[in-house]
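> please find the sequence and the predicted model below.
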Amino acid sequence: MSTVSWRSGAGRGLARHEVADAQHPKFYNHPSQKSFRSKSSGKADINYYDDEDNEEETDLATNSLLNKLIRKSLVKSSYNVEVLQKDPTSPLYSVKSFEELRLQPKLLQGIYQMGFNRPSKIQEKALPMMLADPPQDLIAQSQSGTGKTAAFVLAMLSRVKADQTFPQCICLSPTYELSLQTGQVVEQMGQFCSNIKVAYAVRGNRPSKGSVIAAQIIIGTPGSMLDWCFKLQLIDMRKISVFVLDEADVMISTQGYADQSVRIKRNLPKFCQMLLFSATFEDSVWLFATRLIPDSNIIKLRKEELTLDNIRQFFDPCENKEQKYRALSNIYGIITIAQAIIFCQTRKIAKWLSQEMIKDGHRVALLSGELSIEQRAAVIQRFRDGKEKVLITTNVCARGIDVEQVSIVVNFDLPLNKDGDIDCETYLHRIGRTGRFGKKGLAVNLVEKHSLNLLYAIEKHFNIKIKQLNTDDIDEIEKIEY
Ligand SMILES: Nc1ncnc2c1ncn2[C@@H]1O[C@H](COP(=O)(O)OP(=O)(O)OP(=O)(O)O)[C@@H](O)[C@H]1O
Ligand SMILES: [Mg+2]
C-alpha cells in the first residue's frame, strides 16, 4: 500500500496544505511528490478571552479527513434507513449480503479482503439501487463513517468496463487529501481488478492538453476537474457513465465548488448515473443536492443523537487557572481515572496545563491547531491506544471525533462562541454520548467565579442541574466516582 502524508500549518483550508510523498504506484497519473505552499488562514484572532493566543476553528474538510484517518471501523446506527423512491411503484430491494449483489468475483474478493463481511445499513438499501439496471440516480445522507464512500466506490468499480481504457467515472471530492483518500479505497477494493486504473484531477497534476488518459476512474476537486474536462480536454464527457459528488456538505462550504460541480454535471450525457453523498443535510445541502440532481431517489439515515442523560455533571467555582489546576490535581489524587480529556479555551492555556501535568508525572497528549493534520491524527491515535492517559485539547478537532472510551471530561474552560457567549452545542459535543454507548460518563466544569452565569445558561438550555463540587473536600470527591 502506498502511504500518503499531510503537512500543514494552521488547521484551515485543507486544499492549501502541503502534501508530501503521495505515491500510488499501481495507478496512472498520480500527482506524486508535488508540494504546495500552505498559507496562513488570514483569519483574525477572536478576542473573547483574556488571552491573545486563541485557537483557530477547524474547518469541515479537516474534521472529515481526521475522522477518516483515525476511524477504525464502521459506525453503526440504531435508526432505520428512510428511502424516498423516484418511482414509488417500483419494488425496493435490500440486500443482507454482498453475494446477493452478483458482483464480479474479483470485486467481491476485494471487498472481503478489506474485512467487510456484510453491507452496512445504508449499503443494504443504496447498493441495489446504485447497481440496478437501468442505473438510478441517488442522493444519500448518513453520518460520517456509515459506509457511503465504500458504497459508491463499489458502484464505480462494478460499472467500469475494464477493457475500455478511457475515463468512465468522475468523482468530485472537496479537497486534495479527500480525493486521495477515496482513491485509496478504490485501490483497495479494486486490488484484484487489475485493469482498472484511477487518475487524480487535483492541483499539481496537470497532464498536457489533449493527452490520452487511460484510467477509467477520475477523482478530483471541482476546479481541476473542470480543467481536465474543458481546458485540457482530457476527458470525453459523452463517455462518462457515473458521476459521483462526495461530501456535498463540505463541498458547498468551499466557495466556487458548488457552481463548478454544476458546470461539470451539465455537460454529462443523459444516461450518466448521478450519485451525491453528504454526512449532514441542512437546508443548504439539500438545496444544492436537489438542484444538481433533480428527481433522484433519496435515502437518509438519521444521525445518532447525543444526550446528557447518563452523564453526571459537576462544577467547581475557581478564582483563576492556578486554582483550577489545584482542583484538577485534587480530583486526580483521589479518584481513579482511566482516561480523561481536558478542554481549554486557548492553545496557551492548553500548553501551560500540559506542562504542569507533565511536571506532576502524568502522561499527557497535547492536541492543538499548531499541529499538522497528520500529527493530530497521530496524537489522537496514541491516546486511543492508551499510550497517554490525558488528552489536553482546545476545540480543534475534538468536535465530531468520538471519545467514547473516556471516563471523564474536564472543561478547564467552558466552551464559548465567537461572541463570548456560552456555546451549548459544543458543550453537548464535548461531553454527550450517543444512547448506544449507555455507559455512565463524568464531566467536571471548572468555572471562574465571575463566569458562573455561563454555567447557569447551560443548565437552563438543557434543563438540567449541575451539582457543585468542593474539590478541597476528599469525601465529596470520592463520592463522584460512583
Ligand atoms: N460493509 C462494511 N463492513 C465493514 N466495514 C465497512 C463497511 N463499509 C465501510 N466500512 C468501513 O467503515 C469505515 C467508514 O466507511 P466510509 O468511509 O465508506 O464511510 P462514509 O460514510 O463515507 O464516511 P465519511 O462521511 O466520513 O466519508 C471505513 O473504515 C470503511 O472501510
Ligand atoms: Mg465518505
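Noted; the coordinates are in hand. Computed from a predicted structure; not experimentally measured. Ligands and ions are numbered 1, 2, ... in the order given.

> how about the residues of this structure by ligand 1?
Within the chain, the positions adjacent to ligand 1 are 64, 67-68, 71, 73-74, 116, 119-120, 123, 144-150, 279 by C-beta under 6 Å from any ligand atom. Yep, even glycine has a C-beta here, placed from its N, CA and C like the rest.

> can you narrow those to ones near ligand 2?
When contact is defined as C-beta under 5 Å from the ion, those meet ligand 2 at Lys148, Thr149.

> list only buried entries from the residues of the chain next to ligand 1.
Using 16 or more other C-beta atoms under 10 Å as the burial test, the residues of the chain next to ligand 1 include 64, 67-68, 116, 119-120, 123, 144-150, 279 as buried.

> roughly how far apart are the closest residue to ligand 2 within the chain and Thr290?
Distances between the chain and ligand 2 by C-beta to the ion are smallest at Thr149, namely 3.3 Å. Using C-beta to C-beta, to the nearest Å, one gets 22 Å for the distance from Thr149 to Thr290.

> one more: Gln141?
In terms of C-beta to C-beta, Gln141 sits 12 Å off from Thr290.

> more neighbours: the two, which one.
Gln141 (25 against 14; other C-beta atoms under 10 Å).

> tell me the phi and psi of the more buried one?
phi -130, psi 130 (degrees, to the nearest 10).

> run through the stretch 51-200 of the chain and note the low-pLDDT ranges.
By pLDDT under 70, the weakly predicted segments of the stretch 51-200 of the chain are 51-58, 70, 72.

> strands along that one, start to end?
81-84, 138-141, 169-172, 198-201 (DSSP state E, counting those that start in this stretch).

> what about the ones you listed, which gets the closest to Gln375?
Ranking the strands of the stretch 51-200 of the chain by proximity to Gln375 (C-beta to C-beta) places strand 198-201 first, at 24.1 Å.

> for the closest one, which helices and strands make contact with it?
helix 176-189, strand 217-220 (3 or more C-beta pairs under 8 Å, 6 or more residues apart in numbering; DSSP states H and E).

> ok, the last one: who's next to it in the sheet?
The strands beside strand 217-220 in its sheet (DSSP bridges) come out as strand 169-172 (parallel), strand 198-201 (parallel).

> hmm, who's touching the first one?
With contact meaning C-beta atoms under 8 Å, 6 or more residues apart in numbering, strand 169-172 is reached by 152, 156, 159-160, 179, 182, 216-222, 225, 235, 240-246, 251, 261, 264, 268.

> with just CA atoms, put stretch 340-360 into PDB.
Provided in PDB are the C-alpha atoms of stretch 340-360 (Å, rounded to 0.1, in the frame of the first residue of the first chain):
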ATOM      1  CA  ALA A 340      -9.500  11.900  30.500                       C
ATOM      2  CA  ILE A 341     -10.000  14.700  28.000                       C
ATOM      3  CA  ILE A 342      -9.400  18.200  29.200                       C
ATOM      4  CA  PHE A 343     -10.700  21.100  27.100                       C
ATOM      5  CA  CYS A 344      -9.100  24.600  27.300                       C
ATOM      6  CA  GLN A 345     -10.100  27.700  25.600                       C
ATOM      7  CA  THR A 346      -6.800  28.600  24.100                       C
ATOM      8  CA  ARG A 347      -3.600  27.000  22.900                       C
ATOM      9  CA  LYS A 348      -1.700  28.900  25.500                       C
ATOM     10  CA  ILE A 349      -3.700  27.600  28.400                       C
ATOM     11  CA  ALA A 350      -3.600  24.100  27.000                       C
ATOM     12  CA  LYS A 351       0.200  24.200  26.700                       C
ATOM     13  CA  TRP A 352       0.600  25.600  30.200                       C
ATOM     14  CA  LEU A 353      -1.700  22.900  31.700                       C
ATOM     15  CA  SER A 354       0.100  20.100  29.900                       C
ATOM     16  CA  GLN A 355       3.400  21.400  31.200                       C
ATOM     17  CA  GLU A 356       2.000  21.500  34.800                       C
ATOM     18  CA  MET A 357       0.600  18.000  34.500                       C
ATOM     19  CA  ILE A 358       3.800  16.600  33.000                       C
ATOM     20  CA  LYS A 359       5.700  18.100  35.900                       C
ATOM     21  CA  ASP A 360       3.300  16.200  38.200                       C
END
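
> what residues sit buried inside that stretch?
Those would be 340-354, 356-357, for stretch 340-360 by 16+ other C-beta under 10 Å.

> from these, which land in helices?
If you go by DSSP state H, the buried residues of stretch 340-360 have Arg347, Lys348, Ile349, Ala350, Lys351, Trp352, Leu353, Ser354, Glu356, Met357 in helices.

> in TSV: those residues, plus distance to ligand 2.
TSV is the format used below for these (distance: C-beta to the ion, whole Å):
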residue	distance to ligand 2
Arg347	30
Lys348	35
Ile349	34
Ala350	30
Lys351	34
Trp352	37
Leu353	35
Ser354	33
Glu356	39
Met357	36
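
> could the residues you listed go into a markdown table alongside pLDDT?
As requested, those are exported to a markdown table (pLDDT from 0 to 100):
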| residue | pLDDT |
| --- | --- |
| Arg347 | 89 |
| Lys348 | 92 |
| Ile349 | 94 |
| Ala350 | 93 |
| Lys351 | 94 |
| Trp352 | 96 |
| Leu353 | 96 |
| Ser354 | 95 |
| Glu356 | 96 |
| Met357 | 95 |
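
> now these in a markdown table, with distance to Thr394?
Shown next, in a markdown table, are these (distance: C-beta to C-beta, whole Å):
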| residue | distance to Thr394 |
| --- | --- |
| Arg347 | 6 |
| Lys348 | 10 |
| Ile349 | 8 |
| Ala350 | 5 |
| Lys351 | 10 |
| Trp352 | 12 |
| Leu353 | 11 |
| Ser354 | 11 |
| Glu356 | 16 |
| Met357 | 15 |
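
> nice, that's everything, thank you.
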